[in-house]
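Student: predicted model and sequence below, questions to follow.
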Amino acid sequence: MSAIFGIADFGGRRVLQPEMDEFASKLAHYGVDGVRTWSDGRMGLGQAMLRVTPESMKELLPSGPEECLGLDEKLAIVADARLDNRDELMASLDIPRAEGRRLPDSQIILAAYARWGTGCAVRLLGDFALAIWDGRARTLYCARDIAGARPFFYSRIGTRMMFSSDLDALLEVQETPPAVNEAYLKGRLLEPFFCHATETLYRGFLSLAPSQWLLATSQGTHVETYWHLGQQKKIRFRNDEDYLSRARDILFEAIECRMRSAFPIGSHLSGGLDSSSITIAAAGLARKQNQQLQAFSWSPPREEWSYQSEDERNVILAVCEQESLECHFASGSQEDRLRVLQRALPFFARFPVSPTLQNARMAQARGIRVMLTGHGGDETFSFPHGEHPMDHLMNRNWFRFWKKAGGEAASSGRNTGLVALRWIAGTMVDHFFPARRKRKETRRIEKPALDPTFFDGRFLRLMRSVSAVKPPEFPVGDRWGFQKTRLAYGHLADRMAAWTAVTANHGIEWRHPFLDRRVIEFCLGIPPYLYCADGRSRYLLRSVLGNRLPEAMSHRDHKSEPGRVSALTALARESLVAFLRAEVTRAPSDYPVVSRDGLKRFLEKHQGGVPWEDCRGGWAQRWDAIQAERLIAARRITLTEP
């Protein structure tokens with residue numbers, strides 16, 4: 001992806017070219033097609049460019065007033081963007097079709113801002129992070145797409161605001177070291193799957209949340225949400241066939257929009273239902289466009305594994321054989337893993353996956369700049385928590401209740417009547433013993449306490465003195481609320497930001513069809529039973545693909561990846577333990593987080609290495625603690641004294 005950056009000063013201080021040059025140097029690895037800056041003294045904009053779409057081949061960004069569609073306004077723009085509703089926008093903006101075909105997406109966005117101001121973001125369909133400087137009003141407008149597919153970090157210190165696609169670059173150009181966000185750090189250490197939409201480890205350095213726009217002026221910074229989860233209309237059709245037909249149209253349209261590229265296209269293929277569905281659909285669309293899709297897997301090559309009936313590579317090979325695809329497997333290496341750990345360190349990423357780097361390297365060697373993924377499928381089309389069968393009974397839909405019981409009985413080999421009685425009895429127990437239901441339905445892992453034998457004493461006293469930032473709570477017994485919370489939790493955007501950072505110098509743009517706005521709105525609007533109908537999990541996505549799914553996958557109710565997991569387990573034992581041992585010998589920082597004696601005892605206790613299946617809870621906490629200490633030392637960050 002491209003990287004955007006900028007400095008705005010709303011006081012009397014000028015933005016100097018050496019400042020912009022330094023900023024540009026921190027992001028040069030993103031600029032496969034060059035780095036460019038623009039400044040008018042009050043505002044400096046820059047972009048490290050990766051050209052992907054046909055319209056972007058001659059695009060120059062930043063684009064100053066002299067290059068902006070002949071608009072009267074003194075507008076300048078940087079944008080890491082792909083628009084999926086170009087024709088609709090051009091019609092609304094009265095841009096002639098012949099002229100619009102040649103326009104890059106950034107110029108259409110600029111025209112939309114000139115027409116609708118801060119209200120333009122809600123009209124944009126696609127993936128984007130953008131910044132527009134209005135030289136007359138002296139305001140800076142920034143916006144991010146609804147899924148957070150493109151990262152955007154910013155800070156405002158006094159009259160000066162800075163932003164960047166890369167948090168590491170933003171930190172490196174600061175005049176003074178940042179301070180630790182102790183509340184965020186404590187929340188991260190206590191929550192195995194902690195994420196936050198806006199907060200980071202650094203106090204005052206924020207992420208613009210998905211579906212938000214920001215307006216910076218001399219009076220301050222104002223942030224608004226332009227699209228809200230939960231405001232989607234209910235979608236109701238007469239029968240299931242109509243739902244499935246509409247679902248198929250929406251998903252294939254989302255995939256086709258993400259295949260707009262002047263370069264060859266790749267697709268990540270894990271062997272799971274989500275990535276396999278995207279790959280199969282994209283392969284068919286590519287053939288219609290006389291293109292050849294290529295598949296890339298995180299799993300090691302075939303010669304490196306022994307046959308297992310549940311091995312995900314059986315599905316991968318079946319998909320590739322069916323669609324006549326070449327698949328590239330990734331072994332990963334300790335060198336790659338350590339490089340990924342180092343690159344992802346500023347993002348405070350938890351156990352980043354090193355095969356991502358090798359996939360990007362292989363794709364770049366084949367001229368590929370777009371990689372499709374199945375990311376977000378669990379929150380949308382293959383959401384695993386459908387409507388409970390008792391909802392049908394309570395709504396007196398006897399036929400659907402009995403049909404669902406029959407489907408469950410057929411898949412489990414039990415009697416339909418016994419299945420129905422079991423559901424009714426379980427519901428009665430939950431009603432009279434609500435604590436049992438809460439324990440059963442709350443999707444939370446037991447929180448590990450801070451281990452006093454592992455952490456430095458001064459750091460423990462500091463943590464006891466602050467309140468932790470808390471992530472969103474998953475609602476109990478509310479399927480729709482649970483799905484919304486998963487979409488808003490922050491893990492989707494966090495992973496996309498980490499992928500972008502780790503693979504930046506390989507010129508790969510990750511695209512995620514399941515996180516298309518039309519897909520999300522459809523999936524939040526349909527009846528819940530469509531996710532798990534006829535006793536089948538992930539019924540909606542299976543039905544959309546129909547007989548195009550290989551036999552090895554069509555009846556598979558769970559995802560099993562022994563090949564990838566076993567390879568990563570071995571890799572973790574080599575690289576993570578080496579990383580921890582190096583930490584033991586490294587001199588403690590001025591603000592130690594980890595006790596060296598505690599780390600030694602921990603390594604002695606776990607001499608066998610780091611089991612991949614245990615990389616949560618206590619292990620995740622210790623990994624986060626070591627990351628935090630390294631970041632504090634590297635950035636000369638200050639900690640509040642307890």
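Tutor: Received it, and whenever you're ready, just let me know what you need.
Student: isn't residue 47 up against residue 64?
Tutor: No. Shown here, residue 47 and residue 64 do not form a contact pair, counting by C-beta atoms under 8 Å, at 11.9 Å. Any C-beta I mention is one placed from the backbone N, CA and C, and that applies to glycine too.
Student: those two: which has the busier surroundings?
Tutor: Shown here are residue 47 and residue 64; by other C-beta atoms under 10 Å, residue 47 has more neighbours (32 against 18).
Student: and the contacts of the host helix or strand of that one?
Tutor: Taking DSSP states H and E as the definition, residue 47 sits inside strand 43-48. Contacts with strand 43-48, where a contact means C-beta atoms under 8 Å, 6 or more residues apart in numbering, come from 2-9, 15, 17, 19-20, 23-24, 27-31, 34-39, 61-62, 76-80, 131, 133, 135, 140.
Student: mark which of those are buried, thanks.
Tutor: Buried subset of the contacts of strand 43-48 (neighbour count, 16 or more other C-beta atoms under 10 Å): 2-9, 15, 19-20, 23-24, 27, 29-31, 35-39, 61-62, 76-80, 131, 133, 140.
Student: now, which of those residues lie within helices?
Tutor: If you go by DSSP state H, these have 19, 20, 23, 24 in helices.
Student: which one among those gets closest to residue 635?
Tutor: Residue 635 has its nearest neighbour among these in residue 23, at 16.7 Å by C-beta to C-beta.
Student: and the next element down the chain from the lowest-mean-pLDDT helix or strand in the chain?
Tutor: Within the chain, no helix or strand scores below helix 434-441, which has a mean of 52 by mean pLDDT, DSSP states H and E. Heading C-terminal from helix 434-441, the first helix or strand you meet, by DSSP H and E, is helix 457-464.
Student: mind listing what's buried in the helix or strand just after that following helix?
Tutor: Scanning forward in sequence from helix 457-464 by DSSP H and E, the next helix or strand is helix 479-488. By neighbour count on 16+ other C-beta under 10 Å, the buried set for helix 479-488 is 479, 482, 483, 484, 485, 486, 487, 488.
Student: in JSON lines: those, plus pLDDT and distance to residue 359.
Tutor: Shown next, in JSON lines, are the buried residues of helix 479-488 (pLDDT from 0 to 100; distance: C-beta to C-beta, whole Å):
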{"residue": "479", "pLDDT": "60", "distance to residue 359": "34"}
{"residue": "482", "pLDDT": "72", "distance to residue 359": "31"}
{"residue": "483", "pLDDT": "81", "distance to residue 359": "29"}
{"residue": "484", "pLDDT": "82", "distance to residue 359": "31"}
{"residue": "485", "pLDDT": "80", "distance to residue 359": "30"}
{"residue": "486", "pLDDT": "82", "distance to residue 359": "25"}
{"residue": "487", "pLDDT": "86", "distance to residue 359": "25"}
{"residue": "488", "pLDDT": "84", "distance to residue 359": "28"}
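Student: could you dump the residues you listed to CSV with distance to residue 421?
Tutor: Shown next, in CSV, are these (distance: C-beta to C-beta, whole Å):
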residue, distance to residue 421
479, 23
482, 26
483, 29
484, 33
485, 32
486, 32
487, 35
488, 37
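Student: which of the residues you listed sits closest to residue 127?
Tutor: Nearest to residue 127, judged by C-beta to C-beta, of the buried residues of helix 479-488 is residue 487 at 15.6 Å.
Student: contacts for stretch 515-525 next, please.
Tutor: The contact list for stretch 515-525, computed with C-beta under 8 Å, 6+ apart, reads 84, 125, 145-147, 149, 227, 229-230, 232-235, 246-247, 250-251, 253-254, 257-258, 375-376, 380-381, 383, 480, 483-484, 487, 492, 513, 540.
Student: try it again at 7 Å.
Tutor: With contacts defined as C-beta atoms under 7 Å, 6 or more residues apart in numbering, stretch 515-525 is touched by 125, 146-147, 149, 232-235, 247, 250-251, 254, 375-376, 380-381, 383, 483-484, 487, 492, 513.
Student: give the PyMOL command for selecting the buried subset of those residues.
Tutor: Per 16+ other C-beta under 10 Å, the buried members of the contacts of stretch 515-525 correspond to this PyMOL selection:
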select buried, resi 125+146+147+149+232+235+247+250+251+254+375+376+380+381+383+483+484+487+492+513
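Student: show me the contacts of stretch 515-525 that map onto helices.
Tutor: Cross-referencing these against helices under DSSP H gives 247, 250, 251, 254, 483, 484, 487, 492.
Student: and the closest residue to the last one other than its chain neighbours, what does it touch?
Tutor: Computed as C-beta to C-beta, 6 or more residues apart in numbering, the closest residue to residue 492 that is not its neighbour in sequence is residue 376, at 5.8 Å. With contacts defined as C-beta under 7 Å, 6+ apart, residue 376 is in contact with 492, 512, 514, 515.
Student: what's the spacing between the residue nearest to the third one when sequence neighbours are not counted and residue 495?
Tutor: The shortest distance from residue 514 to any residue other than its chain neighbours is 3.8 Å, reached at residue 376 (C-beta to C-beta, 6+ apart). With distances defined as C-beta to C-beta, to the nearest Å, the gap from residue 376 to residue 495 amounts to 10 Å.
Student: same deal with residue 360?
Tutor: The gap separating residue 360 from residue 495 is 15 Å, by C-beta to C-beta.
Student: which one of the two is surrounded by more residues?
Tutor: Ranked by neighbour count (other C-beta under 10 Å), residue 360 and residue 495 place residue 360 first, with 24 against 21.
Student: now the host helix or strand of that one: buried residues?
Tutor: In this structure, residue 360 sits in helix 355-365 according to DSSP H and E. By neighbour count on 16+ other C-beta under 10 Å, the buried set for helix 355-365 is 355, 356, 357, 358, 359, 360, 362, 363, 364.
Student: give me the neighbour count for the residue lying closest to the fifth one once chain neighbours are set aside.
Tutor: With C-beta to C-beta, 6+ apart as the criterion, residue 359 has its nearest non-adjacent residue at 4.4 Å, and that residue is residue 296. By the measure other C-beta under 10 Å, the count of residues near residue 296 is 29.
Student: all strands for the stretch 451-600 of the chain, in order.
Tutor: When assigned using DSSP state E, counting those that start in this stretch, the strands of the stretch 451-600 of the chain occupy the ranges 509-511.
Student: run through it and note the low-pLDDT ranges.
Tutor: Along the stretch 451-600 of the chain, the model assigns pLDDT under 70 to residues 472-480, 534-536, 552, 554-579, 588.
Student: residue 22: neighbouring residues, count only.
Tutor: 13.
Student: quick one, phi/psi of the nearest residue to it once chain neighbours are set aside?
Tutor: Among residues not flanking residue 22 along the chain, residue 173 sits closest, at 5.9 Å (C-beta to C-beta, 6+ apart). When read as degrees, to the nearest 10, the backbone of residue 173 gives phi -100, psi 10.
Student: you'd agree residue 82 is in a strand?
Tutor: Yes. Assessed with DSSP: H, G, I helix; E, B strand; the rest coil, residue 82 lies in a strand.
Student: what's the pLDDT at it?
Tutor: For residue 82, the model assigns a pLDDT of 97.
Student: could you do residue 122 as well?
Tutor: Reading off the confidence values, residue 122 has pLDDT 97.
Student: give me the secondary structure label for it.
Tutor: helix.
Student: my read: it touches residue 226, true?
Tutor: Yes. Taking C-beta atoms under 7 Å as the definition, residue 122 is a contact partner of residue 226 at 4.4 Å.
Student: report back the residue of the chain that's furthest from centre.
Tutor: What lies farthest from the middle of the chain is residue 417; by C-alpha atoms, centre = their mean that is 43.1 Å.
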